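K.L.:
heads up, no residue letters with this:
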């Protein structure tokens, strides 16, 4: 099945029987909160087990309960023990929603021994291919899908890397969470050979595996995300595409995006789907890619083996991939796909307001930037139906700002 506009409506599912819970593993801030907003209003109980007491989902009206358990996202035995302990409360099991890369690896490790719980995740091999970026870039290179040139510093000298890539280069971790234990941000920007040597020495001293990657030129507006759900046969059941609009810096998360027809990216979307079928991927995914102005091609940046932050956009536009994952995991038949709404904006509240103001001060606002605040839109953390989640988000933001500037 190729790329078409594939949404899914809430009315397609019967809600007559008791609903097994959706159990969010990790939280992931806006990611976990979005799952609560996706499923909670549809009479599906949502629970959360996380190591972070500041998780937004835990403050949501749609969270039926939560457990704070240190390192649960990274410890399969600890998560398995918690699931066994909770079984009297969840006699019918539940559907697990890991929301971070580490949590995805943990749940995939337990995949064959989860009964009575269920998950939509593919095999551990397919998960590792997407999550461990050194394996991912090797895999896409072998398959032949365009991507940024990426070199392994354990296989090539600094001199060889400097000859084959143009500075500045991006030093990105093989596993984001392990990197975040030691460093802040998504990676390092090396502007010359001296900085490249310094960062590689630093990461090796901490035992953090990294790669050195070329930087595709162009603004954030050259970036796109392809999201959806693939059933157990790796066939797309829900697909939608978003166009990135704003981000605070080159390697930060984008703060504003808008839904677009999948026809706008259909050619490369078909390549992505073919690659996912090749690695036998199933479940929720978010593929990020960018248009390279140097040769006019699309380049695949990464495939997130989970739902991403901003997943609530799927509900509003009519492509509820989270609900599809829940129902398919329980063995329910999924309805035929239908078109979804393009042109719906999604803004990351406080962070995007800050980014918007900075662009305005620099006189760099585009017409679409302005329209994103005027046209139909959703906020990532704010909902009048769930104000306490935003209050926690505001508190967390103020605390982080204070810690950075004290």
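P.N.:
Received it, and whenever you're ready, just let me know what you need. All of these numbers come straight from a predicted model, not from anything done at the bench. Residues are numbered from 1 along each chain as shown.

K.L.:
Looks to me like residue 64 is in a strand.
P.N.:
Yes: per DSSP: H, G, I helix; E, B strand; the rest coil, residue 64 lies within a strand segment.

K.L.:
gap between it and residue 52?
P.N.:
18 Å (C-beta to C-beta, to the nearest Å). The C-beta positions use only the backbone N, C-alpha and C, and glycine is treated the same way.

K.L.:
can you map out the helices along the stretch 251-400 of the chain?
P.N.:
266-278, 313-317, 321-329, 349-361, 367-374, 387-405 (DSSP state H, counting those that start in this stretch).

K.L.:
returning to what we had before: what about residue 64 and residue 52, which has more around it?
P.N.:
Applying other C-beta atoms under 10 Å to residue 64 and residue 52 shows that residue 52 carries more neighbours, namely 19 against 15.

K.L.:
Which helix or which strand is home to the more buried one?
P.N.:
Using DSSP states H and E, residue 52 maps to neither a helix nor a strand.

K.L.:
Please work out how many residues are found near residue 57.
P.N.:
30.

K.L.:
Torsion angles phi and psi at it?
P.N.:
Backbone torsions of residue 57, given as degrees, to the nearest 10, read phi -60, psi -30.

K.L.:
List the buried residues in the helix or strand bottoming out on mean pLDDT in the chain.
P.N.:
Least confident element among the helices and strands of the chain, by mean pLDDT, DSSP states H and E: helix 176-182 (a mean of 80). By 16 or more other C-beta atoms under 10 Å, the buried positions in helix 176-182 come out as 177-179.

K.L.:
what does stretch 141-150 give?
P.N.:
For stretch 141-150, by 16+ other C-beta under 10 Å, it's 145, 147-148, 150.

K.L.:
what about it, how long is it end to end?
P.N.:
9 Å (C-alpha to C-alpha, to the nearest Å).

K.L.:
what about it, average pLDDT?
P.N.:
For stretch 141-150, the mean pLDDT works out to 96.

K.L.:
Contacts for it next, please.
P.N.:
Contact partners of stretch 141-150, identified using C-beta atoms under 8 Å, 6 or more residues apart in numbering, comprise 137, 140, 164-165, 211-216, 271-272, 275, 278, 292, 297-301.

K.L.:
Now do the strands in the stretch 101-250 of the chain.
P.N.:
150-151, 169-173, 188-190, 210-214, 223-230, 236-246 (DSSP state E, counting those that start in this stretch).

K.L.:
Centre of this structure to the edge, which residue is at the far end?
P.N.:
residue 159 (34.2 Å; C-alpha atoms, centre = their mean).

K.L.:
Any figure for the gap between that residue and residue 168?
P.N.:
Between residue 159 and residue 168 the computed distance is 17 Å (C-beta to C-beta).

K.L.:
pretty sure residue 36 contacts residue 57?
P.N.:
Yes: if you go by C-beta atoms under 8 Å, residue 36 and residue 57 touch, sitting 5.1 Å apart.

K.L.:
got any residues that touch both of the two?
P.N.:
With C-beta under 8 Å, 6+ apart as the test, residue 36 and residue 57 both reach 24, 46, 63.

K.L.:
Turn those residues into a markdown table, including neighbour count, pLDDT and distance to residue 187.
P.N.:
Formatted as a markdown table, those follow (neighbours: other C-beta atoms under 10 Å; pLDDT from 0 to 100; distance: C-beta to C-beta, whole Å):
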| residue | neighbour count | pLDDT | distance to residue 187 |
| --- | --- | --- | --- |
| 24 | 30 | 97 | 27 |
| 46 | 26 | 97 | 32 |
| 63 | 25 | 96 | 32 |
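
K.L.:
out of these, who's nearest residue 230?
P.N.:
residue 24 (20.4 Å; C-beta to C-beta).

K.L.:
Going by contacts, tell me the helices and strands next to the helix or strand hosting the closest one.
P.N.:
For residue 24, the host element (DSSP H and E) is strand 22-25. Packing partners of strand 22-25 (3 or more C-beta pairs under 8 Å, 6 or more residues apart in numbering; DSSP states H and E): helix 30-39, strand 46-50, strand 95-98, helix 101-109.

K.L.:
So which of these is nearest residue 333?
P.N.:
Of the helices and strands packed on strand 22-25, nearest to residue 333 by C-beta to C-beta is strand 95-98, at 15.9 Å.

K.L.:
Any stretches of the stretch 301-406 of the chain with poor pLDDT?
P.N.:
406 (pLDDT under 70).

K.L.:
what's the neighbour count on residue 101?
P.N.:
Residue 101, neighbours per other C-beta under 10 Å, totals 23.

K.L.:
Next up, the contacts around the residue lying closest to it once chain neighbours are set aside.
P.N.:
Excluding its sequence neighbours, the residue lying closest to residue 101 (C-beta to C-beta, 6 or more residues apart in numbering) is residue 131, at 4.7 Å. Residues counted as contacts of residue 131 (C-beta under 8 Å, 6+ apart) are 101, 104-105, 175, 305.

K.L.:
one more time with 7 Å
P.N.:
Contact analysis of residue 131 by C-beta atoms under 7 Å, 6 or more residues apart in numbering lists 101, 104-105, 305.

K.L.:
Kindly reformat those as a markdown table containing distance to residue 29.
P.N.:
Formatted as a markdown table, those follow (distance: C-beta to C-beta, whole Å):
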| residue | distance to residue 29 |
| --- | --- |
| 101 | 14 |
| 104 | 16 |
| 105 | 19 |
| 305 | 18 |
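
K.L.:
check contacts around the residue positioned nearest the centre of the chain.
P.N.:
Among the residues of the chain, the one closest to the centroid is residue 308, at 2.7 Å (C-alpha atoms, centre = their mean). By C-beta under 7 Å, 6+ apart, the contact list for residue 308 reads 31, 227, 286.

K.L.:
Correct me if wrong: residue 351 contacts residue 255.
P.N.:
Yes: in this structure, residue 351 is within contact of residue 255 by C-beta atoms under 7 Å, at 4.9 Å.

K.L.:
Now the common contact residues for the two.
P.N.:
With C-beta under 7 Å, 6+ apart, residue 351 and residue 255 have common neighbours residue 248.

K.L.:
pLDDT (mean, whole number) over stretch 155-172?
P.N.:
94.

K.L.:
Good, wrapping up.
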